[in-house]
Structure formats: C-alpha cells, structure tokens
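K.L.:
got a predicted model here, sequence first, then my questions.
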Amino acid sequence: MCPADGTHFSSDVVNGDGIWRGPPDWFSFSSYHEADECPRRWALRRATYPAVWSRAGYPDAPYAATLVGDVVHGALQRIIGALLAAGCPSATSAEAVGALRELGGYTSVLHEVLDQRVTRLSDNPRISQRLDRLRRQLGQRIPEMRQRTQATLSRTEFVAEGGAPSSAESRDGERLADGSYPEFELRSSALGWAGRADLVTIAGSNVHIIDYKTGAPTESHADQLRTYALLWARRDHGDPERACATRLTLSYATHDVNVPAPSASELAALERELSQRTEVLRAELRSPNPSARPSPDNCGYCPVRHMCDAYWPTLVHQAPLGPVDVEIHVLRVNGPHSWIAQLSGSNDEALIRAPDDLGLKAGLRARVLGAYASSGQETQSLTITLTSASEVYALKP
C-alpha cells in the first residue's frame, strides 16, 4: 500500500487505486468490530474507487448464506411493522392472521425482500454475471427462510399501543408511550456511536431490547446487546424515567437467549472502555496507511484481500491442497480451458483450469481468489481449478 498524499493510495492490483475515507462520523457495533479486527480491511472496504464504480466503498462479494440471513431479517422487520400497525399482541394472535393476509403471507414477503436485495446488487461488478444464478439459489431456499421467520416471530410478544416512528429525531423531547418500537434508532453524540435495535418494548418502567439473529450464536452477539443497552442509557434526548434497559434478548430461529442487563455501574465501566478504545481506533483510521492484522479468521472471507499487501506474503504457509488464493504468472496455453502458470515466489509451475470468461492469457500476472488446488493423479503436478465463482485480479506491470 503506497499512499501518495495521505488521502489517495495505490495498490498492486489494476484499478485498485483509491481514496481513503478516514474514520466514520458514527460508529455502529458492526463497523467498530470490523475496524477493530483489521483497520486495513475496514479502510479498503470503505475507500472510494473511481476506476471500479461510482458508488462509495469497494463492491462486496455477496455470499448466499449471508443474503439468506439478510432476507430473513428484512422480512422480520416488515412483518413486525405490519403486526404492530394492526394492533396485534403477537404473531400467533387472531389479529395477526388478517394482517399477514394483507401482506400476502410469509412467502410473498420473503420473495419481495429477496427481490429487493438482489436488485441492489445489479450494478455490482463482482456479481453481475452471476446474479441470475444467485437469485435462483436464494429462491430455492425460500421454504427454509419461511420456517426461520415463522419460528422467530412465534416467540415475540408486542405491546401494540406503541409502534411510533422509529426515528429518534421524531421523538426529541417527548416521553415515549408504552408500546413496541421496531428498528429503534439509538444515537449517542457523546459516544459518537449509533445503532438500530430490532425491537424495543416499553411497559411502564420496563425496557426490553430484542435483537434478531439469523446466524449461529457467537459471543459478540451478547456484546452487541450490552452496547445497545449503553446507547439506550446515553442516547440523545433520552428518557430519565427509563434510564436503563431492564431486559435484553437475543432471538435466534430456534431459541431465545436472555442477556443480563448491565447495571448503572457496569454501564459506566463499559462507557469508559468504549470511549477509550474508540479514540484509539479513530486515530488508527486517520492514518494514511491503517495497520493490517492478517490471520485466517480475518482474511478468509475478506472481500478486499486481493488488494492487501500484508495478506499475500502469508500464503507461502497455506496448505498446498484444497481451497486456495494464489498469485500466478501465466506462461502459456496448455489446451482448451487450461494454461501453464508459475506460482509467485517460487519456480514451481502449475496447471491452471478455468472458464474462458475469466480472462486468463499468456503473460498475465494476477491474484486469484477462490480456487481449488489438487494433485494430478498421474504426474503428481499441482492443478489449480477455477470456477465461475472464482475471481481473477490482474496485477500492474
């Protein structure tokens, strides 16, 4: 990574030059967690790349599993909003039947949300050629998504008197009425943090924050809820009569997990820790060359690893067979859909098999993501197979 003037930077990849964004105006739990794990990854993902596309940030490489969770989450929010508007006390109440019928049912909502999510990817250059196939793959998982959505909603109870708009600005100076508030915005100018709780239910002096999770449980989920409790207590224009959340719930498809709500002293300690760590991280992200922290966990699914000069030297230690990222110099054509290439950092040659549309040609130096290495049964030579899901990024001369 070679910053030219503290704002612009260049990488070894063609069209990989960009402009650093710097630290965000507001941290969310997810953005902070990502930046804390690897500041370089955060910075590369959010930089501007004029040669790639007109939007901010680097195009993500979407995974079907991630999109399934996103669709389920979007469907949950849409259905909860409709149930609250209809005054339903739960998703299994008699009133909910009519509300769901007006929406077209679970399957219809899931299809609508899926279409919206896929349409958003239409200008993403990393997925455009595979978009139709991705849509079909996701469509085949609608029954699974329906089951997960229904199971999660079946355990959710609402206080239907609320349901006011979730924008914090619309309630400045107002005392919140009892009720359930979907997608409740939590914004603390003092901390420089913001979040959006999936559901906040208020009943008298009790405040219940629910966060829906569509993936496998992790320790960070409880940390996120505790952070939401802090943001509730320190949010702009808060409610002194309900200063602290009294109940925190992680809602998974198969079960709920109750997280102990922090006490006032625990919130104060969390605030001090978060403020200190946030300031350190902001200083790191102001650097013209944010530090990289390569590791299998950080790099395995990193969407910008092809541009990270700290990642590729670590690959000399990767397993020789199985899923691989590899840097190659294509030497010559071997036959239909196959080439002979030299592996970076060695004199070893490998047979490369790939679809024609990935652009391999003699003389090309490139970084390849998502390949598979195997040993030839007869010659024991290394064969690297690329699929239509693999990515090839040409390197600068």
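P.N.:
That came through, no problem. These numbers come from a predicted model, not from an experiment.
K.L.:
am I right that Leu360 is in a helix?
P.N.:
No: counting by DSSP: H, G, I helix; E, B strand; the rest coil, Leu360 is not part of a helix but coil.
K.L.:
wait, what's in contact with it?
P.N.:
Val330, Trp339, Ile352, Ala354, Ala366, Val392 (C-beta atoms under 8 Å, 6 or more residues apart in numbering). Where you see a C-beta, it was placed from the backbone N, CA and C, and this is true even at glycine.
K.L.:
let me see the residues that make contact with the helix or strand where the fifth one lies.
P.N.:
By that I understand Ala366. According to DSSP states H and E, Ala366 maps onto strand 365-375. The contact list for strand 365-375, computed with C-beta under 8 Å, 6+ apart, reads 13, 305-306, 312, 320-330, 350, 360, 381-387, 389-395, 397.
K.L.:
what's the average pLDDT for the host helix or strand of Asp198?
P.N.:
Element membership for Asp198 (DSSP H and E) is strand 193-203. For strand 193-203, the mean pLDDT works out to 95.
K.L.:
repeat for stretch 351-359
P.N.:
88.
K.L.:
give me the contact list for it.
P.N.:
Residues from elsewhere that reach stretch 351-359 (C-beta under 8 Å, 6+ apart): 129, 328, 330, 334, 337-341, 360, 376, 381-388, 390, 392, 394.
K.L.:
am I right that Val207 is in a strand?
P.N.:
Yes: assessed with three-state DSSP, Val207 lies in a strand.
K.L.:
phi, psi for the residue nearest to it when sequence neighbours are not counted please.
P.N.:
Distance criterion C-beta to C-beta, 6 or more residues apart in numbering; nearest residue to Val207, sequence neighbours excluded, is Ala245 at 4.6 Å. Here is the backbone geometry of Ala245 (degrees, to the nearest 10): phi -70, psi 140.
K.L.:
what's around Ala245, how many residues?
P.N.:
25 (other C-beta atoms under 10 Å).
K.L.:
mind pulling up the pLDDT for it?
P.N.:
pLDDT recorded at Ala245 is 96.
K.L.:
quick one, what contacts it?
P.N.:
Contacts for Ala245 were tallied using C-beta under 8 Å, 6+ apart; they are Val207, His208, Ile209, Tyr228, Ala229, Trp232, Ala233, Ala261.
K.L.:
quick check: the third one touching Ala229?
P.N.:
Yep, that's Ile209 we're talking about. Yes: using C-beta atoms under 8 Å, Ile209 is in contact with Ala229, at 6.6 Å.
K.L.:
which residues do the two both contact?
P.N.:
Counting by C-beta under 8 Å, 6+ apart, the contacts common to Ile209 and Ala229 are Ala245, Leu248.
K.L.:
can you map out the helices along the stretch 201-350 of the chain?
P.N.:
Applying DSSP state H, counting those that start in this stretch to the stretch 201-350 of the chain gives helices spanning 219-234, 264-285, 296-299.
K.L.:
about what we covered before: for the strand holding Asp198, list every residue counted as buried.
P.N.:
Residues of strand 193-203 classed as buried under the neighbour-count rule (16 or more other C-beta atoms under 10 Å) are Trp193, Ala194, Gly195, Arg196, Ala197, Asp198, Leu199, Val200, Thr201, Ile202.
K.L.:
among those residues, which one lies nearest to Ala99?
P.N.:
Distance to Ala99 across the buried residues of strand 193-203 (C-beta to C-beta) is lowest for Leu199, with 16.2 Å.
K.L.:
beta-bridge partners for that closest one, please?
P.N.:
Applying DSSP bridges to Leu199 gives these bridge partners: Pro182, Ile210.
K.L.:
contact partners for it?
P.N.:
Ile80, Thr156, Ser180, Tyr181, Pro182, Glu183, Phe184, Ile209, Ile210, Tyr212.
K.L.:
no further queries at this time; thank you.
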